[in-house]
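Visitor: Using only what follows, build the 3D model:
(one chain, ligands or ions: 1)
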Amino acid sequence: MPKERLDKFIANRGKGTRSEIKSIIRAGRVNVNGISVKEPEYKINEEDTVTVDGAPIDSEKYVYVMMNKPSGVICATKDKNDRTVINILGDEYKGYKLFPAGRLDKDTRGLVILTNDGDFAHNSLSPTKHVKKRYIAHVTGSINEFAVRKFREGIELKDFTTKEAELIIKERKDDFTITEIVIGEGKFHQIKRMFEAVGCKVVYLKRTDFGSIHLDEGLKEGEYRPFDQKERAYARAISEGGHDL
Ligand code: URA
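Guide: Predicted structure coming up:
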């Protein structure tokens, strides 16, 4: 980490606005390596230990949280009418300015990544980086090898032609078929529109994977947890421009 201003360092880790942090520092509540520092512009580096009222500040600037989004919640930071994925988060994340990396429809469930890392969001959503997203879709209508081929070859929708997608027919039930679909792009209602184009209707949609990040099966709908070390390393690699495998 290059040298960073003390007030910015603390503010970037969700501990308040820059002006709130400046007053906290001036009030003598911040120590750097055990010594009180009262200048907000004081420069620190990654070896320094910073405490506010004696509590150490986590040196990680970027936050990544995986959530199992329930149906009925929207992927936005705020909304007048609907509950958002950010509303679900507890107070410990309030100061971090997290946002969802990409959007799922209101009725889609499953893996959403909340972060304050704009480069991760940008790169992981760019089709050129090949970060594949995997979904489980329950569909009604007749689904067969024709649809599998169409998904692989690309489907001409009204406004664009889809890139290669993998469709796996998993299990036929009485009223619907369970399928898995993997796509590397994420246009508005893309999966629903792709199935519609082959005469089917999606009645349940859940995202299970986002690149190498797999939805933790221990998370019930509406639950979330921070990334573990391996997931963080993956996110940082994508953020710094790496392609997915
Ligand atoms: N495709 C859709 O149609 N909806 C989603 O929520 C995600 C992908």
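
Visitor: From here on, just use CA atoms for contacts and neighbour counts.
Guide: Will do.

Visitor: The lengthiest strand in the chain near the ligand at all?
Guide: Longest strand in the chain, counting residues (DSSP state E): strand 201-210. No. Judged by Cα under 6 Å from any ligand atom, strand 201-210 stays clear of the ligand, getting no closer than 7.1 Å.

Visitor: What is that strand packed up against?
Guide: strand 109-115, strand 133-140, helix 190-197 (3 or more Cα pairs under 8 Å, 6 or more residues apart in numbering; DSSP states H and E).

Visitor: can you redo those as CSV with mean neighbour count?
Guide: Formatted as CSV, the helices and strands packed on strand 201-210 follow (neighbours: other Cα atoms under 10 Å):
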stretch, mean neighbour count
strand 109-115, 25
strand 133-140, 22
helix 190-197, 18
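
Visitor: So for residue 88, which of these sits nearest?
Guide: strand 109-115 (11.2 Å; Cα to Cα).

Visitor: What lies in contact with the closest one?
Guide: 62-71, 98-104, 121, 205-210, 214-215, 221 (Cα atoms under 8 Å, 6 or more residues apart in numbering).

Visitor: try 6 Å
Guide: Outside strand 109-115, the residues that touch it by Cα atoms under 6 Å, 6 or more residues apart in numbering are 63-71, 98-101, 206-208, 215.

Visitor: List buried residues within the residues you listed.
Guide: For the contacts of strand 109-115, a neighbour count by 16 or more other Cα atoms under 10 Å gives the buried set as 63-71, 98-101, 206-208, 215.

Visitor: Can you pick out the ones from those residues that are in strands?
Guide: Using DSSP E, those in strands are 64-69, 99-100, 206-208.

Visitor: Save those residues as JSON lines, and put in distance to residue 159 and pLDDT too.
Guide: Listed next are these as JSON lines, based on distance: Cα to Cα, whole Å; pLDDT from 0 to 100:
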{"residue": "64", "distance to residue 159": "33", "pLDDT": "95"}
{"residue": "65", "distance to residue 159": "33", "pLDDT": "96"}
{"residue": "66", "distance to residue 159": "31", "pLDDT": "97"}
{"residue": "67", "distance to residue 159": "31", "pLDDT": "98"}
{"residue": "68", "distance to residue 159": "30", "pLDDT": "98"}
{"residue": "69", "distance to residue 159": "28", "pLDDT": "98"}
{"residue": "99", "distance to residue 159": "27", "pLDDT": "97"}
{"residue": "100", "distance to residue 159": "25", "pLDDT": "98"}
{"residue": "206", "distance to residue 159": "24", "pLDDT": "98"}
{"residue": "207", "distance to residue 159": "24", "pLDDT": "98"}
{"residue": "208", "distance to residue 159": "27", "pLDDT": "98"}
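
Visitor: middle-most residue in the chain, spatially?
Guide: Centroid check for the chain by Cα atoms, centre = their mean gives residue 113 as the closest residue, at 1.8 Å.
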